[in-house]
Each structure stands twice: as C-alpha cells, then as structure tokens.
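Asks: how would this look folded up:
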Amino acid sequence: MSCKSIVTISREFGSGGREIGIKLAKRLGIDFYDKELISLAAKESGIDPALFERIDEHAANSLLYSLSMGMFNFGQTGFSPRDQISVNDQLYLLQHKIIKQLAEKPCVIVGRCADYILRDKPNCINVFIHADIDYRMERAKKVHNIPENKVEAVVRKTDKTRSNYYQFYTEHKWGLASNYHLCINSGKMSEDRIVDVLCNYTLAYEQEEHKVKEEE
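Replies: Numbering: from 1, shown residues only. Sure thing, here's the model as predicted:
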C-alpha cells in the first residue's frame, strides 16, 4: 500500500512495540526509526554515538537528577540552563529537531515523545502498545535475557523511567488513552495480526483525511 502517514509508537517495556514497529514499517514500505535517532543526533552534534547511547538508556534518571539539583528549567521555549545544557538534554533537543525533519516523509518512529513532538501534524497516527505484566515479564526474559529474579523489577522500573521522561517533556500522562489514536494489548494477538490492524487503520485514516479535504 502507498502510505502517506507518520506512525508513532509508544510502548510498555516487554510489549513488543519495537518489533511491531519494524514489521509495520516494512509492510507500509516506509522508514523505521528508533535507535537510529541516536546515530543521527550524534552525527549532527559531533558527539560520540556510544556516549549518546548510554545517555539515552538512562535519560529520565539523569533528567530527574538534574531537576532535583536545579540545573535547568524547561518550558515552552525550551531549556534555560543555569550553566550549561547537559549531554542528555542536548540529546533530547537534537532528537526533537531530527524527528521534525524525518516527519516530512512517511515513517514509523518509536518512543522519544514523537507523538507529542508531532502533535500538530494532521497525518500523524499515534499508537500505544501495552500488555499485562505477566506477559511482558515472560517476553522480557526470552527477548532481553533478563533473569527470573530480576525481571519484574526491570520491567516496572523501565516503565517508570519512560513515564517520568514523557511527563516531564510533554506535561501529559504517558499511556493515557486520550493521547493516542489506538491503544493495543499485544498480549491478546500475534504481532502479525496487530500489524494487520495498524495497516487497516492507517488506510482508513488516510481515506477519511482525504474525504474531509475534499469536502472543505
């Protein structure tokens, strides 16, 4: 199918949101971005990609530490650092800029507040992938090789980190249904079936958008 949309995917840890995003992009014939944003941000800034990778994994924790120390403020106009913007904050600002640029063409973007950053784009479809904690724990053990005695703590901590990060930058609640076009429980159907649903929704959404434009 010929896709004209940008699809953003937010996801609970262990729900398979990244894998669904990869399959969806392939099915739609458009580009996929997740960790690729790190490489693009590093290239633009000249900062070591390995450093950005480490910062990205702990962004919310570093962010909350910076807030508690009063290192900077963040508002509608962006960061107002007291001294200097930290590397994790540089990463967010660069990714914000890059996401805006990438969204000039159809693509799938996972995480990084992309749904909020692109909230004014009419051709942007926002999806949240979630699942029961037991399903996500089992999947995390298999896919991420997390030990049985640590898996629940890792799953819950990662979700908390993502929630804190999202809420700080957007002032919206992460995972709240009203922020998305679709919320899908990945524990209730296969990845391929979910991709079918998302493809069908994307096609229907584009048809409705085209219909509205014709009536204007």
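Asks: helix or strand with the lowest mean pLDDT in this structure?
Replies: strand 72-75 (a mean of 40; mean pLDDT, DSSP states H and E).
Asks: mind listing the helices for this protein?
Replies: 17-28, 36-45, 49-57, 59-68, 87-102, 114-117, 133-144, 151-170, 191-215 (DSSP state H).
Asks: format the ones you listed as a markdown table; extra columns: mean pLDDT and mean neighbour count.
Replies: Every residue, glycine included, has its C-beta placed from N, CA and C. What follows is these, written out as a markdown table (pLDDT from 0 to 100; neighbours: other Cβ atoms under 10 Å):
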| stretch | mean pLDDT | mean neighbour count |
| --- | --- | --- |
| helix 17-28 | 96 | 20 |
| helix 36-45 | 68 | 17 |
| helix 49-57 | 57 | 16 |
| helix 59-68 | 44 | 16 |
| helix 87-102 | 79 | 19 |
| helix 114-117 | 94 | 23 |
| helix 133-144 | 95 | 16 |
| helix 151-170 | 91 | 17 |
| helix 191-215 | 84 | 14 |
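Asks: would you tell me which of those helices gets closest to residue 8?
Replies: helix 114-117 (4.1 Å; Cβ to Cβ).
Asks: now do the contacts for the residue nearest the centre of the chain.
Replies: By Cα atoms, centre = their mean, the mean C-alpha position of the chain lies nearest to residue 111, the distance being 0.9 Å. By Cβ atoms under 8 Å, 6 or more residues apart in numbering, residue 111 lies in contact with 9, 10, 11, 34, 162.
Asks: specify which member of these is nearest to residue 140.
Replies: Nearest to residue 140 among those, with distances taken as Cβ to Cβ, is residue 11, at 12.3 Å.
Asks: how many neighbours does the closest one have?
Replies: The number of residues packed near residue 11 is 25, by other Cβ atoms under 10 Å.
Asks: please name the bridge partners of it.
Replies: residue 129 (DSSP bridges).
Asks: distance of it relative to residue 136?
Replies: Separation of residue 11 from residue 136 (Cβ to Cβ, to the nearest Å): 10 Å.
Asks: residue 125 contacts residue 5, correct?
Replies: Yes: the pair residue 125 and residue 5 qualifies as a contact (Cβ atoms under 8 Å) at a distance of 5.4 Å.
Asks: mutual contacts of those two, please.
Replies: Common neighbours of residue 125 and residue 5 (Cβ under 8 Å, 6+ apart) are 202, 205.
Asks: distance of the nearest residue to residue 172 once chain neighbours are set aside relative to residue 190?
Replies: Leaving aside its sequence neighbours, residue 172 sits nearest to residue 179 (Cβ to Cβ, 6 or more residues apart in numbering; 5.6 Å). Residue 179 sits 25 Å away from residue 190 when distances are taken as Cβ to Cβ.
Asks: what about the two, which has more around it?
Replies: residue 179 (18 against 10).
Asks: my read: the more buried one touches residue 114, true?
Replies: No: counting by Cβ under 8 Å, residue 114 is not a contact partner of residue 179; they are 11.9 Å apart.
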